[in-house]
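**Q** Turn this into a model:
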Amino acid sequence: MTNPTFARATFFSVSLLPALRSAATSADVRLLRRVHASIITSGASADRFVVNNLITVYSKCGSLSLARRLFDQTPHRDSVTWNSLLSAYALHGHSSDAFRLFHLLLCSPSVPPTHLTFTPLFKLCSASSDLIPTAQALHSMVIKIGLASDEMVSSALVNIYSKYGFLREARYIFDKMEERDVVLWNIMIKSYNQLGLVQEACFLFAELHRSEVLRPDDNTVRCILLVQRSDELFEQIQAYGIKICFLEDFYDVLSRNKLSSDLVKAGDYLTVLKNFIEMARLNLNYDNVTFVIVLSAVANGEHFEVAEQLHGLIKKLGMCSDVSVSNSILNIYAKMGSLNRARQIFEEMEELDLVSWNTMISVLAQNFREVESVELFIEMLSLGLLPDQFTLASILRACSGITISSSLHEQIHGFLLKQGQINDIFVLTALVDAHAKRGRVEEAEILFRGMDSFDLTFCNALLAGYVANNNSRKALDLFRLTIKACERPNDFTLATVLKGCSKLVALKQGQQVHAFAIKLGFVSDMCVSSGILDMYVKCGHVNDATSVFGDISTPDDVAWTAMISGCVENGDEEYALNLYHQMRQSGVRPDEYTLASLIKACSCLAALGLGKQIHGNVIKFGRSADPFVGTTVLDMYAKCGNIEDSLCLFERMIPTNIASWNVLLLGLAQHGKGKEALNLFKHMILQGLQPDKITLLGVLSACSHSGLVSEAYGYFNSMRKDYCIEPEVEHYSCLVDALGRAGLLQDAEEIMETMPFNASAPMYRALLGACRIQGNMDIGQRIATRLLELEPLDSSAYILLSNIYASVNRWNDVNEARKTMSNMNIKKDPGSSWIEVKSKIHLFVADDVSHPEIAAIYQELEDLIRRIKDKGYIPDTHCVLLDVLEEEKERTLYYHSEKLAIVYGLITDRNACILVDHHRYSSYLTGQCKGKMRVAQNLLECQWRGLESEHAKTPAAVERYTVIQWKMWRSNNSLQSFEVQGFEDLGFIDRFRLGIDRRRVNGDGIEQFVSYLCCTDDLVG
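**A** Numbers count the residues shown, from 1 in each chain. I've put the predicted structure just below:
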């Protein structure tokens, strides 16, 4: 009776083995899959010999995923099975996959590793110097299990150690080996020569020559003669080579070209140049192959300094007419970034082949000159040239980058179908990318579903398309299906999925991907770790992001920027600035995104000094021309109260985008410069720029802050009529605010009731604050009731309502409002003032005792109060809305946070920038005053700027920007009067209508604290 196993093996050997070999030779995956299907139907799929052969052939066909799937489905694996897959990974350079598989093998006690297990691992280690520690660990394991004497293992170790300069270790293993072939001798001799140890190389050559078993071959002689010398030993070896006929054609151009070609393949580009120079020394004539090889070495080794010299030599020898040489010159100028020079060479070429067109089209597409790339492609077609897969992939990349509406990618899709090139995976991936980037994800999905087999690059293109088109949910679904299908993702896959999680703010899924990246060993990949970092930042988990960032051994600019911008977005601006300091110490240069994030941090902190330093870095690193950075700097100066510098910077810029105009418009509006803002808007329209909704928001805000009610109505009505912009709730809010500031409370309430949106909480707060200023209790109570219905825990509603009651002495109602707050455990954040001294922020609250210099501050403050009282200062206690004695009201004013900040500025820094948040006191700073102050310098300039803090929600405090500039100078030892540059405190429109222009003012009858500080000669000296 016939053995079934024997019958299946016979059938495999006779019928399928030749087909399997044919598939391996031609790398035909389709043929291989048909053979595999026949094996399954024949019942031979369980045979380990068959499985091992299939794994090997799948590897040779480039289908590692199918090889791994077959491996995972094989229940009974022998050492050959493991070694076959390890060799497959080594063949394709998948080091991480190979080492993980090796780890699984070690965990499988039934199959011990053999010498064929270690040789592919050593091959992978030889590919990168970073894997030398891994090679050393494997070496230790080899010694431990008794394979150190194996010839293949020892040869692999000698190759690794010698390649990376560990000649002592390589020589030790080499000397211990019982059998050594000529190749191994050549490796050692070449290594000694490359490290400049020529004498040792010659001694080793002599030892080989004395050997009774082996003799030096032509490669041995060439390894010695690569380094030119003039001593006797070198001449003897050269004579030996001639005698044995090894060098009979060594000085021939063809052999030199062969040598250079081998060196290029080995990555030894510098030696190629040395060989080229040696050919000139020996008066050998160059041919076109010589120049193609040496230009390839220059391009790959980035030795661009010799490129133009070679080009000049080629012109001198008249070899520019050779198309292969011209293509090489074209390629090298493209890699140098000299696109115009490359285009000039292309136009001057006498003969163009498909490689010429492909090079130029690809270079233009890669350097964001997509339109030129497409035009060149059309010109090529008009000449009757048919594109190949490289042409089509490059032009599809150009289609992806074209921002204007275009259907060219669809036309190319049709061309591919017509020419039958749709099955080329390289072109197909580019087509998917083009469809996705043009927003045609459905077409990309159809192409994906039509694939015969899974391809990771294709899948990655679709994943990136989903994420780019804000369809991250589908990206996560596709990733989930990929994992279920046992397909192994790579670093790009994980980075793309993490970006999708960031967009969705999907913390749970992001954490799962993070865990998966750890499991697969990709967490050390910079691209993946930056994606994990960004995901945690976008989800608001800064602590987790900090932990991930700390695990990155050498963060690049992307990781630093992700961490810095994340801290800024999550409100930790001080830590972001500290990170920047660490970044600069690490030697990493910031890019435009880093600098923009840092400037935003300074804006949030209102830290003008730090902002100026970052602005200096912007100029130093050549990023001042970047429109994004320039706009952010404009915004920083405006938000830090320095609108003059913002205007000056805008005048020097060439504002190409609407964002710069919008920033300056909003800045002028917030500083009370309504007329200037409107003039800027008119100038923008004259420049031909089309305003957007943000522009109109700035215009309405300017009208609101400057009391221009009729203008606000006019611009609001023109939104639909002139600019086709539909007003949104923010535009209505500005209109309501303008009416409230002007005292037109009923009109404002009517707008809120009739607008097509539900009123927002900020809108209610603005109108409620206006009711407090106007003393309109009826509307105020209604608005407060609606605000509390919307946000029951909003402290500002209770505070404003309480202030309305207090302004008409309804103290019982005041107490009731505050009692309600207490019962509901609602607390108001205390007002604060902070001052920037020597780039450091000092924060104060009322009756502060936390500052380290508080004793000196109180002492100076009490002394100042005593002195200015002697000069006639009487504090205005009307703004203290408390039912307490007059003395207690005065004390509340004396030790307010703003006074503490001002006094600290006076005793520490004459050039301090004070930033205040006080519901009444900032109006004192804009008071009309005139006085004199002794100065110890020829010029002393103090700038005190008041800004509102985030928790000040009343209209009396919102967007309050007060700038006082005291300009003092002394001429011929005589004090001169100084000028106050005041800006209206917009929160108190019932008391102040000073305008926004610079003016000289008198101090008659002014009670303000700062005025008396200025007028008292002996206070500051």
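**Q** residues in contact with the strand or helix carrying Thr695?
**A** Using DSSP states H and E, Thr695 falls within helix 693-705. Contacts to helix 693-705, defined as CB atoms under 8 Å, 6 or more residues apart in numbering, come from residues 658, 661-662, 665-666, 668-670, 672-674, 677-678, 681, 684, 691, 708-709, 711-712, 715-716, 719, 723, 725, 728, 730-731, 734-735, 737-738, 741, 959, 986. Bear in mind the C-beta positions are built from the backbone N, C-alpha and C, glycine included.
**Q** now Ser38, what's its secondary structure?
**A** Classification of Ser38 using DSSP: H, G, I helix; E, B strand; the rest coil returns helix.
**Q** Averaged pLDDT, the helix holding Thr695. What do you get?
**A** Average pLDDT, helix 693-705: 89.
**Q** before we move on, back to that, could you list which of the contacts of helix 693-705 belong to helices?
**A** 658, 661-662, 665-666, 668-670, 674, 677-678, 681, 684, 709, 711-712, 715-716, 719, 723, 730-731, 734-735, 737-738, 741 (DSSP state H).
**Q** Pull out the buried residues from those.
**A** 658, 661-662, 665-666, 668-670, 674, 677-678, 681, 684, 709, 711-712, 715-716, 719, 723, 730-731, 734-735, 737-738, 741 (16 or more other CB atoms under 10 Å).
**Q** any idea what Ile841 is structurally, helix, strand or coil?
**A** strand.
**Q** If you could redo that for Phe844, that was the one I meant.
**A** strand.
**Q** what's the spacing between Cys202 and Ala464?
**A** 56 Å (CB to CB, to the nearest Å).
**Q** residues in contact with Ala576?
**A** Ala576 neighbours (CB under 8 Å, 6+ apart): 564-565, 567-568, 597-598, 601.
**Q** try 6 Å this time
**A** Residues near Ala576 by CB atoms under 6 Å, 6 or more residues apart in numbering: 564, 567-568, 601.
**Q** For it, which non-adjacent residue is closest in space?
**A** Cys567 (3.8 Å; CB to CB, 6 or more residues apart in numbering).
**Q** what's the answer for Met755, then?
**A** Leaving out its chain neighbours, Met755 is closest to Tyr732 (CB to CB, 6+ apart), at 4.7 Å.
**Q** And that neighbour, how far from Thr785?
**A** 20 Å.
**Q** of the two, who's got more company?
**A** Tyr732 (21 against 13; other CB atoms under 10 Å).
**Q** The more buried one contacts Pro756, doesn't it?
**A** No. Using CB atoms under 6 Å, Tyr732 is not in contact with Pro756, being 8.7 Å away.
**Q** Just give me the neighbour total for Thr391.
**A** 21.
**Q** what residues does the helix or strand that contains Asn460 touch?
**A** Assigned by DSSP H and E, Asn460 falls within helix 456-468. Helix 456-468 is contacted by residues 429, 432-433, 436, 441, 444, 448, 474-475, 478, 492-493, 496, 499-500 when judged by CB under 6 Å, 6+ apart.
**Q** from these, which is closest to Ala127?
**A** Set against Ala127, the nearest of these by CB to CB is Phe492 (19.8 Å).
**Q** Quick check: which helices or strands does the helix or strand encompassing Asn300 pack against?
**A** Using DSSP H and E, Asn300 sits in helix 288-301. For helix 288-301, the elements it packs on are helix 253-266, helix 269-281, helix 323-336, judged by 3 or more CB pairs under 6 Å, 6 or more residues apart in numbering; DSSP states H and E.
**Q** tell me the most buried of those?
**A** Stretch with highest mean neighbour count among the helices and strands packed on helix 288-301: helix 323-336 (a mean of 22; mean count of other CB atoms under 10 Å).
**Q** Just give me the longest helix of this structure.
**A** Longest helix of the chain, by residue count under DSSP H: helix 854-870.
**Q** how far does it sit from the chain's center?
**A** When C-alpha coordinates are averaged (CA atoms, centre = their mean, to the nearest Å), helix 854-870 and its chain have centres 51 Å apart.
**Q** relative orientation of that helix and strand 840-845 in degrees?
**A** Inter-element angle recorded for helix 854-870 and strand 840-845: 70 degrees (by axes from the mean of the first three to the mean of the last three CA atoms, to 10 degrees).
**Q** Sort out for me which of the contacts of helix 456-468 are in helices.
**A** 429, 432-433, 436, 441, 444, 448, 474-475, 478, 492-493, 496, 499-500.
**Q** out of the residues you listed, who's nearest Pro113?
**A** Using CB to CB, these come closest to Pro113 at Thr493, 30.2 Å.
**Q** Compute the number of surrounding residues for Val568.
**A** Per other CB under 10 Å, the neighbour tally for Val568 reads 25.
**Q** Same check on His581?
**A** By other CB under 10 Å, the residues close to His581 number 9.
**Q** Leu381 too?
**A** Per other CB under 10 Å, the neighbour tally for Leu381 reads 14.
**Q** Arg341: neighbour count?
**A** So Arg341, with other CB under 10 Å, has 16 neighbours.
**Q** Let the chain start at 40 from now.
**A** All set: I'll call the first residue 40, so the last point we hit is now Arg380.
**Q** Between the contacts of helix 495-507, which sits nearest Pro891?
**A** So of the contacts of helix 495-507, ranked by how close each gets to Pro891 (CB to CB), first place is Lys538, at 45.4 Å.
**Q** Only the buried residues of the longest helix of the chain, if you could.
**A** Those would be 896-897, 899-900, 903-904, 907, for helix 893-909 by 16+ other CB under 10 Å.
**Q** now these as a markdown table including distance to Gln383?
**A** Below are those laid out as a markdown table (distance: CB to CB, whole Å):
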| residue | distance to Gln383 |
| --- | --- |
| Ile896 | 70 |
| Tyr897 | 75 |
| Glu899 | 72 |
| Leu900 | 74 |
| Leu903 | 74 |
| Ile904 | 78 |
| Ile907 | 76 |
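**Q** For these, give me a markdown table that also has distance to Asp86 and pLDDT.
**A** As requested, these are exported to a markdown table (distance: CB to CB, whole Å; pLDDT from 0 to 100):
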| residue | distance to Asp86 | pLDDT |
| --- | --- | --- |
| Ile896 | 89 | 82 |
| Tyr897 | 93 | 80 |
| Glu899 | 95 | 82 |
| Leu900 | 94 | 79 |
| Leu903 | 98 | 79 |
| Ile904 | 100 | 76 |
| Ile907 | 103 | 71 |
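**Q** any idea which of the residues you listed is closest to Val627?
**A** Using CB to CB, the buried residues of helix 893-909 come closest to Val627 at Ile896, 40.3 Å.
**Q** Pretty sure that closest one sits against Gly944.
**A** No. Counting by CB under 6 Å, Ile896 does not reach Gly944; the two are 10.1 Å apart.
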